[in-house]
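Asker: have a look; sequence and predicted model below, questions after that.
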Amino acid sequence: MIVGGGQAGAECAVTLRMLGFAGPITILAEESTHPYSRPPLSKGYLLGDVASADLHIRPPATYDDQRVDVRLETRVTGIDRATQTVRTEGPDGVHDVSYDWLVLATGGRARLLPDATVHAAPNVHTLRRLADIDEMRSQFTPGARLVVLGGGYVGLEVAAVARKSGLDVTIIEAAPRVLARVTVPVVSEFYERVHKQHGVDIRTSASVDSVEVGADGRAVAVKLTDGVTLPADVVVVGIGMEANDELAHEAGLAVDGGVVVDEFCRTTDLRILAIGDCTKHPCAQNGGLRRVESVPNALEQAKVAAATLTGDARPHDAVPWFWSDQYDVKLQAVGLCPSHDEIVVRGCIDEGRSFSLFYLKDGTVRAANVVSNPRDFMFAKKMVATQVRVDPARLSDPAVPLKELLAVSASERK
C-alpha cells in the first residue's frame, strides 16, 4: 500500500514490479489525476508550453499493465498499526484497507501566510498541485500586476514566466538576498541581476505586514512593514514547503519536521517505510538527519524502498542535486555544504550567463553550483560524489578540463 500519488509513490510501484514483487500494489492518491511531474508546473505548464497530459510520469495505462491499482481522489485519514490497516475516504465511501507493507509518500504542502484567511482570495496562489496552476494561469494576462512573496526557486521561476507573459512583477524577499537558503551571495547577485535585466522589481530585506482584500474578496494590494503598499492583481506565495507528516505522527511514528527514516527508508515501524519530500533521512555526505525537497531524491528513495521491500536492501547514500530554469538560464546544483572553507569560481560571473562555482572543504570538492553548462555539471556530480581533491588554481581555469582533474585525483588515490 503506497500512500501518495506523486513522483516517489509512482516510482516505488513500478520499481517494485521491476524487482520481481508479485503481490498486489495499491497507490492511494488524493488528486484526481494519475501521478504527474511537478517541476514543469512553475515553468512550461504555467507558461502554456506543456499540456497536462504531457505531465504524466507514465501513461495511465502503464499502471494497469503493471497491475498497480491507482485509486484517485482517495484520502488516507488514519493508520492502525496494530491491525495493519489504513482508513480511506474516497468516491466509494469510507473503508479500512489492510496492508502487509505500507509506504508513506505523502510529500509536502505549501507553507501559508500567518493570516491563512487571505488564501481564500481567488487571486492569491500557492504552487504545489496541478489545480494550483490551473487556477493561476487565466490571471497571467499582459499588464497584470503580480507580487511574488518569496525569492527562492519557486518564486524566481514564477517571476520569469510572468515576465515572459507580459506581467509587471515585484518580488518580496525577507532575507537580504534571493536564494539565500541554497547558495552563496555571488550566485544570488547574479540571479538578481538577471531578473532586474528582465524588468523585475526585487525588494530584499522586506517583510509583509498584510495582504489587503477588497469588498469582492480579491486581494488588491500587499502592504509591507515599512509602510509601502504595492497594488496587486495577482499574489503568489512561495515561502517554502512543510512535510505532510501528520499521518505518521498520529500513528506514533518518529517525526521531526518530516517522517524520520533510516538509510533503508524504514520508519520506526519496520512494516512502514517513507520516501520523498515527507522524509527526514540520514545525510550520507554531512551526517545527521536532513529533509531534501527534490525529484532526484524522491526517485532515489523510491528505488531504495523497493529494494528494501524485495529483500535486497541497499542504503540511500546518493548525493542530492537540484535544478532551476529561469528565462534562458539553467542553474544546476549538486551536494550540500553547510560548512566550506573555500569557494572556487570557474569562468566569469560578470560576463555572459555561464559559470561554475565549487565549494571546497579541506581541499576536496563538496558541492557545486553550475549555471548553463551541462558538461561541467556532469563532471561536477562525479567530483562531489567522490569528494575529489583538487588544485584550486587549476579548477578555476576553464582551459583545464574537469575530466582531467577527475583523472588526476583518481590516479593519486591509487
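Answerer: Good, I have the coordinates. Residues are numbered from 1 along each chain as shown.
Asker: what residues does stretch 133-141 touch?
Answerer: 41-42, 45-46, 48, 122-123, 125, 127, 146, 161-162, 165-167, 233-234, 236 (C-beta atoms under 8 Å, 6 or more residues apart in numbering). For the C-beta atoms, the positions are set from N, CA and C on the backbone; glycine is no exception.
Asker: tell me the mean pLDDT over that stretch?
Answerer: Mean pLDDT, stretch 133-141: 94.
Asker: now it: how far from the chain's centre is it?
Answerer: Relative to the chain's own centre, stretch 133-141 is displaced by 21 Å; criterion: C-alpha atoms, centre = their mean, to the nearest Å.
Asker: next one: stretch 144-158
Answerer: 16 Å.
Asker: that stretch: end-to-end distance?
Answerer: Terminal residues of stretch 144-158 are spaced 14 Å apart (C-alpha to C-alpha, to the nearest Å).
Asker: where do the strands sit along the stretch 201-350 of the chain?
Answerer: 201-203, 208-213, 219-224, 229-231, 234-237, 241-243, 259-260, 272-274, 279-282, 289-290, 321-326, 329-334, 342-346 (DSSP state E, counting those that start in this stretch).
Asker: got those as a markdown table, with distance to Leu360 and mean neighbour count columns?
Answerer: Output for those, formatted as a markdown table (distance: least, C-beta to C-beta, whole Å; neighbours: other C-beta atoms under 10 Å):
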| stretch | distance to Leu360 | mean neighbour count |
| --- | --- | --- |
| strand 201-203 | 30 | 17 |
| strand 208-213 | 37 | 18 |
| strand 219-224 | 39 | 18 |
| strand 229-231 | 41 | 14 |
| strand 234-237 | 36 | 25 |
| strand 241-243 | 30 | 19 |
| strand 259-260 | 31 | 26 |
| strand 272-274 | 33 | 28 |
| strand 279-282 | 24 | 23 |
| strand 289-290 | 20 | 17 |
| strand 321-326 | 18 | 20 |
| strand 329-334 | 14 | 21 |
| strand 342-346 | 4 | 17 |
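Asker: what ranges do the helices span in the chain?
Answerer: Ranges of helices within the chain are 7-18, 44-47, 60-65, 130-137, 153-164, 185-197, 246-250, 295-309, 374-386, 392-395, 402-413, based on DSSP state H.
Asker: what average pLDDT does the third one get?
Answerer: So the one you mean is helix 60-65. The pLDDT scores in helix 60-65 average 96.
Asker: coming back round to it: of the helices of the chain, which approaches Cys348 most closely?
Answerer: Minimum separation from Cys348 across those (C-beta to C-beta) falls at helix 185-197, 10.8 Å.
Asker: give me the number of residues near Leu309?
Answerer: 22 (other C-beta atoms under 10 Å).
Asker: hang on, isn't it packed against Gly23?
Answerer: No - under the criterion of C-beta atoms under 8 Å, Leu309 is not in contact with Gly23, lying 9.7 Å apart.
Asker: low pLDDT regions in the stretch 251-400 of the chain?
Answerer: 338, 351-352 (pLDDT under 70).
Asker: so what touches stretch 23-35?
Answerer: 1-7, 9-10, 13, 16-17, 52, 56-58, 60, 63, 66-76, 86, 88, 97, 100, 129-131.
Asker: can you do 7 Å?
Answerer: Defining contact as C-beta atoms under 7 Å, 6 or more residues apart in numbering, one finds that stretch 23-35 is touched by 1-7, 9-10, 13, 16, 56-57, 60, 63, 68-76, 88, 129-130.
Asker: swap in stretch 283-299?
Answerer: Counting by C-beta under 7 Å, 6+ apart, 7-8, 11, 39, 108, 241, 243, 256-258, 260, 275-277, 279-282, 317, 319-322, 335-336, 338 sit against stretch 283-299.
Asker: how long is that stretch from one end to the other?
Answerer: One end of stretch 283-299 to the other measures 16 Å (C-alpha to C-alpha).
Asker: mind checking how far it is from the chain centre?
Answerer: 11 Å.
Asker: what do you get for stretch 336-343?
Answerer: With C-alpha atoms, centre = their mean, you get 22 Å for stretch 336-343.
Asker: Ala8 and Thr279, how far apart?
Answerer: Applying C-beta to C-beta, to the nearest Å, the value for Ala8 to Thr279 is 9 Å.
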